[in-house]
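Novice: Curious how this folds, go ahead:
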Amino acid sequence: MTEFTPEQTRRAFEIADRAMFEQMCCEAVPQDANETAYALVDEAAKPVTTLAAASEAIRGAFAWLRERGMAELASDAGGEYIVVVRRPWE
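Specialist: Purely as a prediction, here's the structure:
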């Protein structure tokens, strides 16, 4: 089994962070000019009000980003939405 150097591990996480962030940006709908809040949609790109009803791609990307401290789930009268805490390159 190959051992990874700390630099290789860091780079792998950097690539994964960017990929999951891009996945979320492609699937969810930006809600503000700064793209810090994203509305949820289902597999057919129809708006949904809960993360549980969102597309599998959005749920997977959000789970990764939340674990890495880059996104949080928030809610208002319209339902749940994703808030970007920080971007992978920040």
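Novice: Give me the neighbour count for Leu40.
Specialist: Neighbouring residues of Leu40 were enumerated by other Cβ atoms under 10 Å; the total is 24. Bear in mind the C-beta positions are built from the backbone N, C-alpha and C, glycine included.
Novice: Am I right that it is in contact with Leu51?
Specialist: Yes: shown here, Leu40 and Leu51 form a contact pair, counting by Cβ atoms under 8 Å, at 6.2 Å.
Novice: Need the residues touching each of the two.
Specialist: Both Leu40 and Leu51 are in contact with 58, 80, where contact means Cβ atoms under 8 Å, 6 or more residues apart in numbering.
Novice: Which parts of this structure are strands?
Specialist: 29-30, 37-39, 71-76, 79-84 (DSSP state E).
Novice: Including mean pLDDT and mean neighbour count, could these go into TSV?
Specialist: Supplementary listing: those in TSV, determined by pLDDT from 0 to 100; neighbours: other Cβ atoms under 10 Å:
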stretch	mean pLDDT	mean neighbour count
strand 29-30	96	14
strand 37-39	97	19
strand 71-76	98	13
strand 79-84	98	18
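Novice: Columns distance to Phe13 on top of the ones you listed, output as a markdown table?
Specialist: Output for these, formatted as a markdown table (distance: least, Cβ to Cβ, whole Å):
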| stretch | distance to Phe13 |
| --- | --- |
| strand 29-30 | 25 |
| strand 37-39 | 22 |
| strand 71-76 | 15 |
| strand 79-84 | 18 |
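Novice: Out of these, flag the one nearest Glu7.
Specialist: Relative to Glu7, the nearest member of the strands of the chain by Cβ to Cβ is strand 71-76, separated by 25.7 Å.
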